[in-house]
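A.B. asks: sequence first, predicted coordinates after that:
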Amino acid sequence: MDVSQPPRRYNDKRKEYLEWNDYFMATAVLSAKRSKDPVTQVGACIVDQKNRVVAIGYNGFPRNCSDDEFPWGKSDAKQSLEHKYMYVVHAEANAILNSNCTSLDGTRLFTTLFPCNECAKLIIQSGIQQIYFISDKYEGHTATIASKRMLDAAGVLYSRHVPKQQKILIDFAEFLDEN
Ligand SMILES: Nc1ccn([C@H]2C[C@H](O)[C@@H](COP(=O)(O)O)O2)c(=O)n1
């Protein structure tokens, strides 16, 4: 073998890189891993027209509202002060609030769960133009019907993300000192 020339494989572009949309949705999934919700962990990632990540968020209680004091339970009593829905900030809302840019006009939102009606209001008002989602588990629920009604009226596109790579492993050891 001609040792002066590295094996061909090191001369060519790596081929197993993440496609853009898988990269952005994986960022949303990773963000969801920060959620303390025992039932549903949601992550969101907002991307601008130059494929820059400008915001990420996950579902959780507001700042200074302790995850160990506020309730993570859920009950049928919609107005109960003892269930999470009264307090949790949705992942999409957190992403919008966390954005590091002055305007979200023309951006895309990658979210692990289809936005509810309250998030749809924020998405529309913030100028987000397209939504990619993984789960629509609340399809047919009132909040989702209202969400889609507003998104359709406002011309915000939404579609289910179809991953090129079904699984992405994060193994920190892979980045240890080169062997
Ligand atoms: N579009 C949404 C909808 C819900 N969430 C959050 C709110 C809760 O923490 C959780 C849902 O809990 P479940 O009803 O499944 O027990 O997901 C969100 O972040 N974005």
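C.D. replies: Here it is on my side, so go on.

A.B. asks: where does Gln125 sit: helix, strand or coil?
C.D. replies: Per DSSP: H, G, I helix; E, B strand; the rest coil, the local secondary structure of Gln125 is helix.

A.B. asks: which parts of this protein sit against the ligand?
C.D. replies: Listed as neighbours of the ligand in the chain under the rule CB under 6 Å from any ligand atom: 37, 39-40, 42, 59, 74, 84, 88, 90-92, 113, 115-116, 119. Backbone N, C-alpha and C define where each C-beta goes, glycine included.

A.B. asks: mind listing which of those are in helices?
C.D. replies: The members of the residues of the chain next to the ligand that map onto helices under DSSP state H are Ala91, Glu92, Cys119.

A.B. asks: relative to Ile145, which of the residues you listed is nearest.
C.D. replies: When those are ranked by distance to Ile145 (CB to CB), Cys119 comes first, at 13.9 Å.

A.B. asks: what's the burial count for the closest one?
C.D. replies: 25 (other CB atoms under 10 Å).

A.B. asks: circling back: so for the residues of the chain next to the ligand, which is the shakiest by pLDDT?
C.D. replies: On pLDDT alone, Lys74 ranks lowest of the residues of the chain next to the ligand, at 86.

A.B. asks: next, count neighbours for it.
C.D. replies: By the other CB under 10 Å criterion, the neighbourhood of Lys74 contains 15 residues.

A.B. asks: could you check how far the spatially closest residue to it that is not a sequence neighbour is from Thr27?
C.D. replies: Once flanking residues are discounted, Lys74 sits nearest to His83: 4.7 Å by CB to CB, 6 or more residues apart in numbering. Taking CB to CB, to the nearest Å as the measure, His83 and Thr27 are separated by 29 Å.

A.B. asks: how about Met150?
C.D. replies: With distances taken as CB to CB, Met150 is found 26 Å from Thr27.

A.B. asks: which one's more surrounded, these two?
C.D. replies: Of the pair Met150 and Thr27, Thr27 is the one with more neighbours under other CB under 10 Å, namely 19 against 16.

A.B. asks: what sits closest to that one if chain neighbours are left out?
C.D. replies: Take Thr27 and drop its neighbours on the chain: the residue closest to it by CB to CB, 6+ apart is Cys45, 4.3 Å away.

A.B. asks: report the secondary structure state of the one you found.
C.D. replies: Here Cys45 is strand, with the state taken from three-state DSSP.
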